[in-house]
Structures are given as structure tokens and as C-alpha cells.
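Visitor: model this:
(2 chains)
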Amino acid sequence: MYYGTVRGYVKAVDDVTFKVDKEDALGLAGESGCGKTSAALTILKLLPWNGKIIDGKITLDGNDILKMKEKDVRKKIRWKKISMIFQGAMNALHPTYSVGSQIVEAILLHEDVGKREAQERAQKLLELVGIEPQKVSRYPHELSGGMKQRVVTAMALACNPALVIADEPTTALDVIVQAQVLKVMKELQSKLKLSWILITHDLSMITETCNRLAIMYAGRIAEYGDLADLYKEPLHPYTEKLLTAFPSIVGPKTDLSSIPGFPPDLLVPPPGCRFHPRCPKAMEICRRDEPAFVETGGGHFVSCHLYK
Amino acid sequence: MPEDIAMEAKSLVKHFPLHLGFFKTLTSKNLPYVHAVDNVSFKISTREIFGLVGESGCGKTTTGRLLIRLVEPTAGEVFFKGVNVTAINLEREMRKLRRRMQIIFQDPYESLNPRMSIFDILAEPLRIQKVAEDEKDLKDRVTQTLDDLDLNPPEEFMFRFPHELSGGQRQRVAIGRAFILQPEFLVADEPVSMLDVSIRSEVLRLLLGLIERYHSSFLYITHDIAVARHMCDRIGVMYLGEIVEKGSTDKLIEEPLHPYTEALIAAVPVPDPTARRTKVVIKGEVPSGINPPQGCRFHTRCPYVMPICRKEEPQLIALQKDRHLACHKYNA
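Guide: Residues are numbered from 1 along each chain as shown, chains lettered A, B, ... in the order given. Modelled structure (predicted):
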């Protein structure tokens, strides 16, 4: 799978390239407003009316999604091949329908099956995410946050997709419930041979679940590669900062590194490297030229003038 | 009472009555209550940062609000510098005390009035407490605070409105509002949980700096024990309205005794892909506080549950100096 360039007026997603192999889990990390969600919505062609895809390619099994007709995308791609767990989806469940019937609805809409079969499948899906069968007829307000998050995960799996995009699936949850949900996601991945894209601002979540990592900053990919490589040897100064920005429970108590300043306004992104106003290693060239996205070896890509 | 205890909670209890509707309220004999806080006691020394850690619904926020009397306790007492806060009846007296204790709320998107400029938000406590001598003094203090918060240039930020600021900047304003009266005691209720990870560390650092500067005592409420480790001198772990373990941060994290503390620590994601998580994640979620489980409240989820745990409630006892625990495992 290959995902290519997109350009906009507010340059939300600008020249972003990455790929997700079969059974791969890619973590897409960055601060709020860096374009993570926009990138995901572009993959599904779910952009709002003012979102324009300027250029690029999104290839799924050899077909370019961007060249397909809207009807085909809806019938053949969305949910059947690629599904998404939206941010805050657990609060978007319909309050007056039982959770089971909401999953049934998703199945009936996309697949040519009878109601009874759809119900059976809904039941199986909920079992898969660890919800007891008697809870199928419950309403969203009767379930806790962790349960609801499992329900929307089950819903994303309704049509056996090959790729699931999860947008901040655990941000509103407590640490313990968060760990439970992540565990379920990890089990599902190996059980169903899924590919994941996990979108989050919390790198520690990615290290637990993913094997590849893409760091986004201001609409661009700053660094992309194997998770273990990136962790061991972060190349981009931004990655370096992000990796040490959260407090840890193991090892010695260290000072938290922090990134001074605020993310840039994407209507007028800074010239040159977009990170240079906050970069501790900024050089003359960073203010002038935009760094290219280059491979440093072993599928490890970085966009920084330090590496050339 | 010794001078160095800034804040003391003595057997605090808060039960919220459940509203069943008119008819049921008249007919039922035992009205149900949510046991939000049950018999919670702790002391916070001067200049100490005390952390309350637990999942949502464990009563940590209610405890924080009880301390500064934003909610009235059902039973128990709060002492602030030796003064019994819960016994004060006059609003005038209370207002004097409120100047010395402040709170930072969780959500900076909701805790700032969208129709007030940043200047007004920061000046409001000064105006209410009549601290500033004149308008110029007021403006100087606000400018100074904005400068302390790294919201530069102050002259520009002063006249902005909350919607023009990012989440991190808003939370800074909320922090500034709490610190502008230079309080002796502060409650911070999950001040960074709504913020991006990359911004969190900046805000935490800012908080630590301000606490240091104003010699405040601090109650830090969080569900993330890793953040508590970074911030606090001592930690109390809460579960379903009760403190199950408390002690100094380093010891508590190095060697957690209560199974729940252990679970909280195990749940923190380890930011190292080579270190595989070996510890088990406990199952289930916090039971309802309306009818808390009999015996030890944690027994429904505890991996080490024994028969006694279902029958008898363990008491919070001192194991060593400054280490308290409520668990049957260590009582035998």
C-alpha cells in the first residue's frame, strides 16, 4: 500500500508519503493540528467540502483510490477494505439504539446478508472484542467508556477490513482501561491478520502496539521508519524531543524535555524547514530551504538538513 | 498542631444522594447514596506536593473539592494551617481563606469564560479579593503573571480572548489565575490530561517552577501515576472513595504493596519497544459507588483475592514510617 502527496490551501497534509504492509501496524504521531486526522480522512476520501486533494496517490492492492468514483469507494473500499475508528467515536454512538443493532446496521448497509445473519455476526464481533453476549442489547449509556470503545472497534471490524485506522482510540480513557483496549487491539491484529494505522499524540502508546512509526509535524512527515530503529536512534530533533517528553515509570527519574514554542500556523507555514523556529539544532540553511525527505538506510526516512 | 502541616483531611466522607424521582423518594426507606469519598485522611506539609492517584470515579476530584470547601462534606473535618475550614459559618471568613487556597481545573476549554478577555480573567481574583491598590497596580500584577507564564508579549495576550489561544496557552492562563493571589495551598485537578503530550511537559515544568517560587503546598490529582511520580513528594492511591495505599513517591513506585497500585503502575505504557510488558493488566472496571462491594472494595478485580477479602474491610494501617496500606495480604 502506498500513500502519496496531497496539497491544500491550509497545508494540512503536505507531501506525505508512507506505506503500510499487510499485518503491519503503523503509528502516526504528532501534536494536535499537525494533520494526522486529515491524512486519515484523505485515505478514506472522507474530507469535508472544503478539503481538496490536490495531488498524490493512494494505492490499495494496486488500485489508486483517488481515481475511483465516489460510488465505488463507498461500495468497495470504505468499511470493506479500510475502516476507521473516529476520534471520540464512543460518544457518537446513537443513544436510543442498542449497541448490537448499531453494528447490525453497519453490516446490512455494506453487505448483502439477511438480518439474522447480520445479528449473528454482530454478536461474534462483540465477543471478539471481549464484550459478553448479554450486553448486545444494551444501550450506550449503560456501558462504560472502555466498553463503548470496544463497541466502536467491533463496528470498524464489521466487514472484515484489511486496514483499520484508529484515531486517538484511547485519549478519553483511564490508564487501566486504556491498557485493556490496547491489548484487545493488539490481539485482534494477530488474530484477524489486520493492518492498523494508529493515530495518536502519545508516543508511548505506539511503542506498545506498533512496529512502524511516522512522526508528523506541521503537515509533513518528519521521520518514518521501523519503530525499534526510530526509538534507538531518532534522527530528527523533533522525534528526539517527543520520545523524551513524557514521564516514565521505570528507570531513573529524569528531567522532561520540552519543546519550546507552539506549532506553526499552517496558513503561513514558516519558510524552509517548518520545525526550525523550535529546533535546538537549527542552522542557517534550515531557515531558507525545505529539507528533502531522504532515506538514510534500512527503510528509515527523515526530512532534516542534518542528514544529507 | 505542628506548624508545618499545611492541610489536613480528617476522616472525610462525602455521600451524594441519588435522585430517584419524586414518588420513589417518598416511598423508599433507604435512599441510595453514591459513596464518593469514604473516610479519607491525609496530611500535606508546607511546601509539599501530594498526589492523589486513581481511576475516574474513585473520588479524587471530590476529595480535592472538599479540601477547599467547594462541596460540603457529609462528615469529617478539614484543617488548613490549624484552622478548621469545615467549621467556618460566615461567608466573610470563608472568603478570607479562599484567598489562600486556589484550584486549577481539568479542562481549560470549559474553565475560562469565553466572553472575558485574558486580562479580565486574571484580574478577577484580584478584584474580588480587593488585593490591588489601584488600576495601575492591577495591570502590573497581571503583566507580571503573564510574563511568569511565558505568555509573551503580555501586552498582546492581555487583550485576547480564550478562543484565540491554544489548549496549552489556555491552561497557562488557568494556572496564572490560581497563582495570581499567591496562595498557600493549591489543588490541581488533572491539569494536563486534556493537553498534548508534547505540551504537557512544558506545563508541568511551569507548575513546578511556580510552586517553588511561591512556596505553596499542593494537591495534585491525576489518573496517571507516571505523572504523579514526576510531580509529587508523596502519593495517595484512591480506589472507590478510599485511600488504599499512601507513602513517599519513590518507595511507593519502587515497591508497590497494594495490588491496585501495582496494577496502576503496570498500566502505564513503557516507551521502549524492546521492553515487553510482562505484568498483567487487571480486568474489568471500577464498580459502581452506589453499592460498593462488601469487604475489600477492590476484591472484585484483585488477582490475589482471598476469602477474607470478601467479608472484611481491611483497615488503613501504618506499615512503616510514612507508609500506609489497606490490604489483607499484609495484615496476617
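
Visitor: So, low pLDDT: which residues of chain B?
Guide: For chain B, residues meeting the criterion pLDDT under 70 lie at B:1-3, B:25-26, B:28-29, B:271-281, B:331-332.

Visitor: Please, where are all the helices along it?
Guide: Taking DSSP state H, the helices of chain B run over residues B:22-27, B:60-67, B:91-98, B:118-128, B:135-148, B:154-157, B:167-179, B:197-214, B:225-231, B:249-254, B:259-267, B:307-311.

Visitor: So which elements touch the shortest one?
Guide: Based on contacts counted as 3 or more CB pairs under 8 Å, 6 or more residues apart in numbering or on different chains; DSSP states H and E, the elements that helix B:154-157 packs against are helix B:135-148. In short, each C-beta sits where N, CA and C put it, glycine included.

Visitor: Put the alpha carbons of the helix it packs on into CSV.
Guide: The C-alpha trace of helix B:135-148 is given here as CSV (Å, rounded to 0.1, in the frame of the first residue of the first chain):
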residue,chain,number,x,y,z
GLU,B,135,-5.7,50.1,38.4
LYS,B,136,-2.0,50.5,37.7
ASP,B,137,-1.1,48.0,40.4
LEU,B,138,-3.7,45.6,38.9
LYS,B,139,-2.3,45.9,35.5
ASP,B,140,1.3,45.5,36.8
ARG,B,141,0.3,42.3,38.6
VAL,B,142,-1.4,40.9,35.5
THR,B,143,1.5,41.7,33.3
GLN,B,144,3.9,40.1,35.7
THR,B,145,1.8,37.0,35.9
LEU,B,146,1.6,36.7,32.1
ASP,B,147,5.3,37.1,32.0
ASP,B,148,5.7,34.3,34.6
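
Visitor: check contacts around residue B:52.
Guide: By CB atoms under 8 Å, 6 or more residues apart in numbering or on different chains, residue B:52 lies in contact with B:60, B:63-64, B:219-222, B:235-236, B:238.

Visitor: In strands only, show me those residues.
Guide: Among these, the members found in strands (DSSP state E) are B:219-222, B:235-236, B:238.

Visitor: Throw the contacts of residue B:52 into CSV and include neighbour count and distance to chain A, thanks.
Guide: Listed next are those as CSV, based on neighbours: other CB atoms under 10 Å in any protein chain shown; distance: CB to the nearest CB, whole Å:
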residue, neighbour count, distance to chain A
B:60, 30, 11
B:63, 28, 17
B:64, 23, 17
B:219, 28, 18
B:220, 28, 12
B:221, 26, 13
B:222, 25, 10
B:235, 27, 12
B:236, 27, 16
B:238, 23, 12
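
Visitor: Spatially, which two of the residues you listed are the most separated?
Guide: The largest separation in the contacts of residue B:52, counting by CB to CB, is between B:64 and B:235 at 14.4 Å.

Visitor: in the chain, which residue is closest to the centre?
Guide: Let's take chain A. Nearest to the mean C-alpha position of chain A, by CA atoms, centre = their mean, lies residue A:199 at 2.8 Å.

Visitor: nope, chain B please
Guide: Nearest to the geometric centre of chain B sits residue B:221, at 3.0 Å (CA atoms, centre = their mean).

Visitor: Who are the contact partners of that residue?
Guide: Contacts for residue B:221 (CB under 8 Å, 6+ apart) come out as B:51-52, B:60-61, B:63-64, B:187-190.

Visitor: Spell out which residues of the stretch 151-300 of chain A are next to chain B.
Guide: When proximity is defined as CB under 8 Å from any CB of the partner chain, the stretch 151-300 of chain A approaches chain B at A:174-180, A:182-183, A:201-205, A:207-208, A:227-228, A:231, A:241-243, A:245-250, A:253, A:256-260, A:262-263.

Visitor: Quick one: the helices in chain A, in order.
Guide: Here chain A has its helices, by DSSP H, at A:36-43, A:70-72, A:99-110, A:115-128, A:145-156, A:175-192, A:203-209, A:227-232, A:237-243, A:284-288.

Visitor: could the contacts of residue B:221 be laid out in TSV, adding distance to residue B:130?
Guide: Below are those laid out as TSV (distance: CB to CB, whole Å):
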residue	distance to residue B:130
B:51	34
B:52	33
B:60	33
B:61	30
B:63	30
B:64	27
B:187	23
B:188	26
B:189	27
B:190	31
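
Visitor: what's the closest of the residues you listed to residue A:139?
Guide: Nearest member of these to residue A:139, counting by CB to CB, is residue B:61, at 26.3 Å.

Visitor: thinking again about what came up before, name the nearest of the contacts of residue B:52 relative to residue B:316.
Guide: Ranked by distance to residue B:316 (CB to CB), the contacts of residue B:52 are led by residue B:236 at 9.9 Å.

Visitor: and the residue nearest to the centre of chain B, how far is that from residue B:188?
Guide: Going from residue B:221 to residue B:188 by CB to CB, to the nearest Å gives 7 Å.

Visitor: One more: residue B:330?
Guide: To residue B:188, residue B:330 is 31 Å away according to CB to CB.

Visitor: Double-check residue B:111 against residue B:103; I have them as touching.
Guide: No: counting by CB atoms under 8 Å, residue B:111 stays clear of residue B:103, with 9.3 Å between them.

Visitor: Number of residues surrounding the closest residue to residue B:152 other than its chain neighbours?
Guide: Excluding its sequence neighbours, the residue lying closest to residue B:152 (CB to CB, 6 or more residues apart in numbering or on different chains) is residue B:146, at 7.6 Å. Residues near residue B:146, counting by other CB atoms under 10 Å in any protein chain shown, number 24.

Visitor: Which residues are in contact with residue B:146?
Guide: Going by CB under 8 Å, 6+ apart, residue B:146 touches B:118, B:122, B:152, B:154, B:157-158, B:176.

Visitor: rewinding a little: which one of the contacts of residue B:221 is nearest residue B:35?
Guide: residue B:63 (12.6 Å).

Visitor: Touching, the closest one and residue B:38? I think so.
Guide: No: applying CB under 8 Å as the test, residue B:63 and residue B:38 come out as separate, 10.4 Å apart.

Visitor: pLDDT value on the residue lying closest to residue A:73 once chain neighbours are set aside, please?
Guide: Distance criterion CB to CB, 6+ apart; nearest residue to residue A:73, sequence neighbours excluded, is residue A:45 at 5.3 Å. With respect to pLDDT, residue A:45 scores 85.

Visitor: go on, the one 5 residues further on?
Guide: In this prediction, residue A:50 carries a pLDDT score of 77.

Visitor: ok, it to chain B distance?
Guide: According to CB to the nearest CB, to the nearest Å, residue A:50 stands 20 Å off from chain B.

Visitor: now swap in residue A:282 and tell me
Guide: Distance, residue A:282 to chain B, by CB to the nearest CB: 18 Å.

Visitor: now do residue A:288
Guide: Noted for residue A:288: a distance of 26 Å to chain B, by CB to the nearest CB.

Visitor: Do I have it right that that residue meets residue A:272?
Guide: Yes: at 5.1 Å, residue A:288 and residue A:272 qualify as touching, with contact defined as CB under 8 Å.
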